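**Q** sequence and computational prediction follow.
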There are 2 protein chains.
Amino acid sequence: MNIEQRIQSAMERYFRDLVSPSTPPTLRGAMEHALFPGGARIRPQLYMAVAMVSGDDSPELTDAGAVALELMHSASLVHDDMPCFDNAQTRRGKKSVHAAFSEPVALLTGDALIVMAYQVLLSQSEKMLLSPEQSNRVLKMMSVLSQGVGVPHGIVAGQAWECESKVDLWKYQRSKTGSLFTAAVFMGAIAAGANPEPWREVGESLGDAYQIADDIRDVVGHFSMIGKPVGQDVEHGRPSAAQALGLEGANLEFKRLIENAANGVPYCDGRDLLRAMIYKESERLVPQKEYQKYVKLAKMQSSKAETVV
Amino acid sequence: MNIEQRIQSAMERYFRDLVSPSTPPTLRGAMEHALFPGGARIRPQLYMAVAMVSGDDSPELTDAGAVALELMHSASLVHDDMPCFDNAQTRRGKKSVHAAFSEPVALLTGDALIVMAYQVLLSQSEKMLLSPEQSNRVLKMMSVLSQGVGVPHGIVAGQAWECESKVDLWKYQRSKTGSLFTAAVFMGAIAAGANPEPWREVGESLGDAYQIADDIRDVVGHFSMIGKPVGQDVEHGRPSAAQALGLEGANLEFKRLIENAANGVPYCDGRDLLRAMIYKESERLVPQKEYQKYVKLAKMQSSKAETVV
């Protein structure tokens, strides 16, 4: 079973176990809609890769952490898509939750997914399957996850920076996206009983890279298969690295951050595999060949426009 | 320090500790608006009374549980008030969060408060102040709290029953309100290292009583100081005990449930005090003298109307 399959299987198992048939059927359907089929599941993949190179000595706990991360991420997407934020009608190539169900249902779906993230991590302690040392891991994983999501620096705080008139771009992006990446690598180490601190550079660099990639794709759009509307940042007047650094500056910064992340992987068995995974992911995020094609085309169009003028 | 003061002081302490000045200022302001000044803080009071008669051997943990409960309750109020649900402009006699700030901020405030509820419970384990046995209490408290809020039977699920065309009134109410009362008494026992099970009757009966009181006040309104608009159930076509049983039937059921709760208090030091607290709270919820006055007046008006016809 590869990492993708392992995550998918864990997602299905926890959904079946925790969202019982006595859940209100519309809410249940909306939660399922938000979770399956998933997106790239990049946060749990990163998390799981770190847990595996760190020993993965409690596979059930590792699975729970992956699901908890994906639930939090999905919750934030459901709420972000709502009319009072992005008003996005589509997500992952299908209708967003509020478009497919309703606004009240989308609001509750996000809330239920946040709580479920904790329920997943708590479920094994409920079954009394944990040693005191493993209980401590669960507590630490929940702390790190909460920091990645809540105040003062988690993704919810990141979103809230959009509601301020003065925003520090890097602070905003570090919170909005980076915080959950940092949480992912930290949780991966903790799940396997390892020290999370050596993984900070990897998490922070990847988080920053991912946010910049998102900004680049918001401008470029063409090569993206992200399944959501492009041009959202400009439309919503949101701070964006592509605007602050220029498109090419943003791409250079993206590549620097990917190098940083890959070089930051601590020396361990599986280091090369994890580095390869990071480079592969970077190609998925911003395929450099297609990016160069776009830049060339854009330059041609702009010089043509100048000639006409 | 009485129970009210102890809760207030804990609320202020955890807000100061966890919602640091580096939180986006609007979000911070909105969270503060949602929490201070509070309502009756009935759930943490009930919780703390149970913890105290159960020995209260870990006062810091007891405080944390009270705050976590109130944060979850407050989060649900913030989201319920939003335009896609009740569209309530006022709450606790002042503007609701979305009316005072904005919809996006209200959405994020609710999310941040949910996560903060867990952060409060986790904060002591982060400071390594807990024995393994106390860590277990924290895990159990979080499990019970999550059940009270999430799927399949927590308050979020209760709200979701409003989005279904077919609803079982008791199932709906048990989830919508009762679940957090049950969580409160269970958590109180667990915080003090006691067995929660003997407290089930108290929690369930009080939860049901509280929901019926809410329904009664939604019809009667006059004597309530609940600080929110009346007539919401009828306006939103929500199932209501006052409609299902008739007003007087609902009041009888309310009184029966209060008796049940009071009689359900397990034999322990402080039993009489806790029973007295339950009766006092019942008078606050539905003051019987004023209720009788209202019924008399309503009857007079209806017979007058008949005479005119």
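**A** Done, it's in.
**Q** distance check, A:Ser165 against chain B.
**A** Distance of A:Ser165 to chain B, given as CB to the nearest CB, to the nearest Å: 9 Å. C-betas here are computed from N, CA, C, even on glycine.
**Q** is it true that that residue lies in a strand?
**A** No: using DSSP: H, G, I helix; E, B strand; the rest coil, the secondary structure at A:Ser165 is coil, not a strand.
**Q** phi and psi next, for it.
**A** Here the main-chain torsion angles of A:Ser165 (degrees, to the nearest 10) amount to phi -80, psi -30.
**Q** for chain A, give me the ranges with low pLDDT.
**A** A:221-235, A:237, A:305-309 (pLDDT under 70).
**Q** where does the residue nearest the centre of it fall, secondary structure wise?
**A** Nearest to the mean C-alpha position of chain A, by CA atoms, centre = their mean, lies A:Arg43 at 5.0 Å. A:Arg43 is part of helix A:42-53 when elements are defined by DSSP states H and E.
**Q** immediately after the helix or strand hosting A:Leu107, which helix or strand?
**A** Element membership for A:Leu107, per DSSP H and E: helix A:103-126. As assigned by DSSP H and E, the chain's next helix or strand after helix A:103-126 is helix A:132-149.
**Q** helices and strands around that following helix, which ones?
**A** On a contact count with 3 or more CB pairs under 8 Å, 6 or more residues apart in numbering or on different chains; DSSP states H and E, helix A:132-149 meets helix A:59-80, helix A:103-126, helix A:155-161, helix A:179-191, helix B:103-126, helix B:132-149.
**Q** alpha carbons only: can I get it in CSV?
**A** Taking Å, rounded to 0.1, in the frame of the first residue of the first chain, the C-alpha atoms of helix A:132-149 are listed here in CSV:
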residue,chain,number,x,y,z
PRO,A,132,0.8,6.7,28.7
GLU,A,133,3.7,7.6,26.3
GLN,A,134,1.3,7.3,23.3
SER,A,135,-1.3,9.4,25.1
ASN,A,136,1.3,12.1,25.4
ARG,A,137,1.9,11.9,21.7
VAL,A,138,-1.9,12.4,21.1
LEU,A,139,-1.9,15.4,23.3
LYS,A,140,1.1,16.9,21.6
MET,A,141,-0.3,16.2,18.2
MET,A,142,-3.6,17.9,19.1
SER,A,143,-1.6,20.9,20.5
VAL,A,144,0.4,21.3,17.3
LEU,A,145,-2.7,20.8,15.1
SER,A,146,-4.6,23.5,17.2
GLN,A,147,-1.7,25.9,16.7
GLY,A,148,-1.8,25.3,13.0
VAL,A,149,-5.5,26.1,12.8
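**Q** what residues sit buried inside that helix?
**A** For helix A:132-149, the neighbour count (16 or more other CB atoms under 10 Å in any protein chain shown) marks A:134-149 as buried.
**Q** can you check what angle separates it from helix B:132-149?
**A** 50 degrees (axes from the mean of the first three to the mean of the last three CA atoms, to 10 degrees).
**Q** tell me how far helix A:132-149 is from the chain's mean position?
**A** 18 Å (CA atoms, centre = their mean, to the nearest Å).
**Q** just to revisit the earlier point, what residues are up against the residue nearest to the centre of chain A?
**A** Residues near A:Arg43 by CB atoms under 8 Å, 6 or more residues apart in numbering or on different chains: A:69-70, A:73, A:180-181, A:184.
**Q** so how many other residues sit close to the residue of the stretch 201-309 of chain A found nearest chain B?
**A** In the stretch 201-309 of chain A, the residue that lies nearest chain B is A:His236 (10.4 Å; CB to the nearest CB). By other CB atoms under 10 Å in any protein chain shown, the residues close to A:His236 number 12.
**Q** in space, what's closest to it - neighbours in sequence excluded?
**A** A:Asp86 (6.9 Å; CB to CB, 6 or more residues apart in numbering or on different chains).
**Q** re the thing from before, just send the contacts of A:Arg43 back as JSON lines, with distance to A:Ala106 too.
**A** Formatted as JSON lines, the contacts of A:Arg43 follow (distance: CB to CB, whole Å):
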{"residue": "A:Leu69", "distance to A:Ala106": "21"}
{"residue": "A:Glu70", "distance to A:Ala106": "18"}
{"residue": "A:His73", "distance to A:Ala106": "16"}
{"residue": "A:Leu180", "distance to A:Ala106": "20"}
{"residue": "A:Phe181", "distance to A:Ala106": "25"}
{"residue": "A:Ala184", "distance to A:Ala106": "25"}
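**Q** I am finished for the moment; much appreciated.
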